[in-house]
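K.L.:
Sequence and predicted structure are below.
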Amino acid sequence: MKAAVVCASNRAAAGIYEDTTGPLIVAALRELGFEVGDPAVVPDGDPVGDAVCAAVDTGARVVLTTGGTGLTPTDRTPEVTRALLDFEVPGIAEAIRTYGVGKGVPTAALSRGLAGVRGDALVVNLPGSRGGVKDGLAVLAPLLVHAVEQITGSDH
């Protein structure tokens with residue numbers, strides 16, 4: 001199955017620093033058996049939506065975003081993502097936040113990331129920190145393949 005990674009970072013997109021969260025996600029998806037290329041690094045806001053749509057339109061069954069889920073004025077990933085979804089899967093985002101808080105990271109509760117389905121693809125917003133990404137991947141690893149299979153009506 002094909003997957004894609006979208007990194008929402010105004011500074012990384014401008015070349016101020018190199019994104020380090022996207023490669024973590026790519027490696028994890030490959031370990032799960034997904035075919036995935038390099039992360040798309042884009043500014044937060046509408047470019048995130050454009051990149052998610054492009055990934056789904058080219059056959060991605062999973063699109064994981066990183067960044068843009070906090071409380072700053074430029075964090076717009078959840079709003080842009082929500083507008084693209086056919087429906088939300090709130091339990092995934094709730095589980096990611098709960099996992100982080102349970103590990104003693106109270107700021108995990110501040111992530112506004114969401115998860116949902118667009119067409120035949122599962123889209124999940126992960127935080128922009130390496131720790132938040134690792135926590136999100138720990139939650140996703142045991143359920144991601146099953147969730148993607150369910151989207152197309154596979155048996156339980």
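P.N.:
That came through, no problem.
K.L.:
so for stretch 80-92, what's the average pLDDT?
P.N.:
Mean per-residue pLDDT for stretch 80-92: 98.
K.L.:
Next: stretch 111-120.
P.N.:
Mean pLDDT, stretch 111-120: 97.
K.L.:
List the contacts of that stretch.
P.N.:
52-53, 56, 61, 63, 65, 69-71, 75, 77-78, 81-82, 84-90, 92-93, 96-97, 100, 122-127, 132, 136, 151-152 (Cβ atoms under 8 Å, 6 or more residues apart in numbering). Backbone N, C-alpha and C define where each C-beta goes, glycine included.
K.L.:
how far does it sit from the chain's center?
P.N.:
8 Å (Cα atoms, centre = their mean, to the nearest Å).
K.L.:
what's the answer for stretch 139-147, then?
P.N.:
Its chain's C-alpha centre and that of stretch 139-147 lie 13 Å apart, by Cα atoms, centre = their mean.
K.L.:
And it, what's buried?
P.N.:
Of the residues in stretch 139-147, 139-140, 144-145, 147 count as buried by neighbour count, 16 or more other Cβ atoms under 10 Å.
K.L.:
Likewise for stretch 103-117?
P.N.:
Of the residues in stretch 103-117, 105, 108, 111-117 count as buried by neighbour count, 16+ other Cβ under 10 Å.
K.L.:
Which ones among those map onto helices?
P.N.:
Secondary structure from DSSP state H places none of the buried residues of stretch 103-117 in helices.
K.L.:
Please convert those residues to a markdown table, extending it with distance to residue 36.
P.N.:
Output for the buried residues of stretch 103-117, formatted as a markdown table (distance: Cβ to Cβ, whole Å):
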| residue | distance to residue 36 |
| --- | --- |
| 105 | 26 |
| 108 | 25 |
| 111 | 22 |
| 112 | 25 |
| 113 | 19 |
| 114 | 21 |
| 115 | 18 |
| 116 | 20 |
| 117 | 19 |
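K.L.:
could you flag which of the contacts of stretch 111-120 are buried?
P.N.:
Among the contacts of stretch 111-120, those classed as buried by neighbour count (16+ other Cβ under 10 Å) are 52, 56, 61, 63, 65, 69-70, 75, 77-78, 81, 84-85, 89, 92-93, 96-97, 100, 122-127, 132, 136, 151.
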